[in-house]
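A.B. asks: here is a sequence together with a model predicted from it:
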Amino acid sequence: MKKSSFYTVIATAVLGLVTIQTGYAQEDRKEPPSATELMEKMDANEDGKLSKDELKGPIKNDFDTIDKDEDGFLSLEELENAPKPKRRKK
């Protein structure tokens, strides 16, 4: 293998790795999930509403605030109208 071909292969590999890593870094800065995405991800029994047992994270801590009709479940409408979480300082 010629020296220039070797360097071309190495440069291409490095460029590919940098491109892949940049793509992963951009996913970390993604917007918070929508109410529909939350429902799809967390609704384990697929009944169209979320019980406190199905939740995890900050939304579980704010369950009573979000559950406006106090039926013990979060509907899609209640999720859409939920107060937005405060962003943490970096």
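C.D. replies: Received, thanks.

A.B. asks: how many other residues sit next to Leu76?
C.D. replies: Neighbour count for Leu76, taken as other CB atoms under 10 Å: 15. For every residue, glycine as well, the C-beta is placed using N, CA and C.

A.B. asks: how near is it to Ile66?
C.D. replies: 12 Å (CB to CB, to the nearest Å).

A.B. asks: so how far is Val9 from the closest residue to Phe63 other than its chain neighbours?
C.D. replies: Nearest residue to Phe63, sequence neighbours excluded (CB to CB, 6 or more residues apart in numbering): Lys52, at 5.1 Å. Look at Lys52 and Val9: by CB to CB, they are 55 Å apart.

A.B. asks: same check on Asn61?
C.D. replies: Asn61 is 52 Å from Val9, by CB to CB.

A.B. asks: okay, strands next: where are they in the chain?
C.D. replies: Taking DSSP state E as the criterion, the chain carries its strands at 50-51, 73-74.

A.B. asks: tell me the domain boundaries of the chain?
C.D. replies: Following automatic domain parsing, the chain resolves into domains at 1-30, 32-84.

A.B. asks: ok, of the ones you listed, where does mean pLDDT dip lowest?
C.D. replies: Mean pLDDT across the domains of the chain is lowest at domain 1-30; the value there is a mean of 69.

A.B. asks: before we move on, the earlier item: and the domains of the chain, which is most packed in?
C.D. replies: Across the domains of the chain, averaging neighbours per residue (mean count of other CB atoms under 10 Å) puts domain 32-84 on top, at a mean of 14.

A.B. asks: can you get me the start-to-end distance on it?
C.D. replies: 10 Å (CA to CA, to the nearest Å).

A.B. asks: center of the protein, which residue is that?
C.D. replies: Pro33 (5.2 Å; CA atoms, centre = their mean).
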